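> Just a sequence and a predicted model for now, questions to come.
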Amino acid sequence: MFRVTTWGESHGDSMGCVIDGCPAGLKMGPDIIREELDRDVPYPVLTRRVEENRFQILSGVFQGETIGTPISIIIRNSNVESDKYLKIMSRPRPGHADLAYRMKYGHVDWRGGSRASGRTWAPIIAAGGVARSLCSIRNVRVGSSIVELGGRPITDSNLRSEIERLAETSAKEEDATGGIIEVRIEGLPPGLGAPAFNRFHADLGHGILSIPGIKSFELGSSREAAKMKATEFNDPIRVKNGIVAPASNRAGGVLGGITCGPPVVFRAIVKPTPSVLSFQDTVDLTKMENATISTEGRFDANYTPRVLVVAEAVSAIVTVDHLMISGILDHDSLVPRQERLRYDFKT
């Protein structure tokens with residue numbers, strides 16, 4: 001019911017999104033979108049491309065509130081260096097989507113990864129701002145943290161130093177690293193999701209695994225489950241202050257595809273950025289012979305912190321959709337029915 005369509009390429013003139021299904025009456029100003037887009041590059045030291053993310057809300061908002069029609073947002077690309085991709089246009093980068101895109105389409109945009117680039121997910125961050133605002137109406141909150149960077153555990157106290165270390169190591173070794181993120185969706189009412197199709201965590205996993213660079217999705221303590229007995233893994237059920245709920249959360253807040261009270265918690269593994277300065281083996285498609293490649297374009301030493309921001313946005317979008325499907329959040333208008341015929345609006 002809450003749908004987001006994105007468009008645009010990494011080195012194109014602009015990118016954008018269309019948000020359909022947002023109810024009328026939601027307070028929505030440029031500041032909400034600006035706040036989210038400012039998180040696009042949380043640690044500039046890890047990347048060589050930082051965009052201003054100049055944007056404009058083209059439709060769906062009037063006098064500071066949504067009007068129930070599609071919200072269209074455009075984001076301009078202003079910091080591109082396409083020429084560096086000219087000399088590698090016939091050499092697909094290992095680990096990137098270059099080869100798969102050519103196998104599928106034949107004619108492709110070879111600049112900066114085109115549609116496969118993480119850059120093209122900036123509009124999702126903007127859409128996430130709208131979704132977050134809707135989540136807050138039902139006191140649902142989406143938060144996240146970095147669990148691991150470059151194979152090393154991360155805490156609040158060592159995050160900054162580890163990021164600086166990764167940036168230095170990447171520049172020295174001309175290589176890149178990955179990491180692990182964790183996202184928590186708190187305040188969810190029980191009962192979101194369905195038994196077979198539209199399971200809450202299945203829709204969530206679908207969205208998260210669609211993010212470039214993410215290679216796995218783990219709900220709760222899923223990886224540990226393979227090594228545990230049922231009596232060790234199952235969450236005991238207790239009643240406290242008249243509320244029945246699991247006493248622990250190894251299931252990650254979902255049972256049978258349906259939320260059951262605890263926060264929904266998942267982790268995702270982010271692969272190393274595939275574009276690096278080090279030489280890698282590939283082929284030259286113009287000569288159909290083996291070759292090597294070094295990517296001189298701008299890329300992230302570690303993409304994990306940026307993926308974290310996108311994962312939050314996707315989580316908020318999926319959550320809003322389920323809140324609407326379950327009837328917990330109005331999908332037509334947030335304006336009470338008895339007030340919809342009033343005409344003492346601002347002019």
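Thanks, I have it.
> now the strands for the stretch 201-347 of the chain?
214-219, 237-240, 243-246, 254-255, 258-259, 264-270, 280-284, 289-293 (DSSP state E, counting those that start in this stretch).
> Reformat the ones you listed as CSV; add mean neighbour count, distance to T304 and mean pLDDT.
The C-beta positions use only the backbone N, C-alpha and C, and glycine is treated the same way. Below are the strands of the stretch 201-347 of the chain laid out as CSV (neighbours: other Cβ atoms under 10 Å; distance: least, Cβ to Cβ, whole Å; pLDDT from 0 to 100):
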stretch, mean neighbour count, distance to T304, mean pLDDT
strand 214-219, 18, 10, 96
strand 237-240, 10, 35, 94
strand 243-246, 13, 30, 92
strand 254-255, 20, 24, 96
strand 258-259, 21, 27, 97
strand 264-270, 23, 5, 97
strand 280-284, 15, 21, 96
strand 289-293, 13, 24, 96
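> looking at the ones you listed, which is closest to K172?
Smallest distance to K172 across these (Cβ to Cβ): 17.6 Å, for strand 280-284.
> Pull the residues that contact the closest one.
Residues outside strand 280-284 that contact it (Cβ atoms under 8 Å, 6 or more residues apart in numbering): S90, R91, P92, R93, P94, E289, N290, A291, T292, I293, S294.
> follow-up on the earlier one: please render the strands of the stretch 201-347 of the chain as JSON lines that adds distance to G64 to the earlier fields.
Listed next are the strands of the stretch 201-347 of the chain as JSON lines, based on distance: least, Cβ to Cβ, whole Å:
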{"stretch": "strand 214-219", "distance to G64": "35"}
{"stretch": "strand 237-240", "distance to G64": "42"}
{"stretch": "strand 243-246", "distance to G64": "38"}
{"stretch": "strand 254-255", "distance to G64": "36"}
{"stretch": "strand 258-259", "distance to G64": "32"}
{"stretch": "strand 264-270", "distance to G64": "31"}
{"stretch": "strand 280-284", "distance to G64": "50"}
{"stretch": "strand 289-293", "distance to G64": "50"}
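> For P336, which of these is the nearest?
strand 258-259 (26.7 Å).
> Now A167: closest residue in space that isn't a chain neighbour?
V45 (4.6 Å; Cβ to Cβ, 6 or more residues apart in numbering).
> what's the answer for A131, then?
Closest residue to A131 apart from its sequence neighbours, by Cβ to Cβ, 6+ apart: A316 at 3.7 Å.
> and if you look at W7?
That would be G16: by Cβ to Cβ, 6+ apart, it lies 5.7 Å from W7.
> What is the neighbour count of that neighbour?
20 (other Cβ atoms under 10 Å).
> Against which helices or strands is the helix or strand hosting it packed?
Element membership of G16 [criterion: DSSP states H and E] is strand 14-20. Packing partners of strand 14-20 (3 or more Cβ pairs under 8 Å, 6 or more residues apart in numbering; DSSP states H and E): strand 3-8, strand 71-76, helix 122-137.
> Return the distance of that strand from the chain's centre.
The chain centroid and the centroid of strand 14-20 are separated by 15 Å under Cα atoms, centre = their mean, to the nearest Å.
> export the following helix or strand past that strand as PDB, just CAs?
Toward the C-terminal end, the helix or strand that comes next after strand 14-20 (DSSP H and E) is helix 30-37. The C-alpha coordinates for helix 30-37 follow below in PDB (Å, rounded to 0.1, in the frame of the first residue of the first chain):
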ATOM      1  CA  PRO A  30      12.000  20.100   2.900                       C
ATOM      2  CA  ASP A  31      13.800  20.000   6.300                       C
ATOM      3  CA  ILE A  32      12.600  16.400   6.900                       C
ATOM      4  CA  ILE A  33      14.100  15.300   3.600                       C
ATOM      5  CA  ARG A  34      17.200  17.400   4.100                       C
ATOM      6  CA  GLU A  35      17.900  15.800   7.500                       C
ATOM      7  CA  GLU A  36      17.800  12.300   6.000                       C
ATOM      8  CA  LEU A  37      19.900  13.100   2.900                       C
END
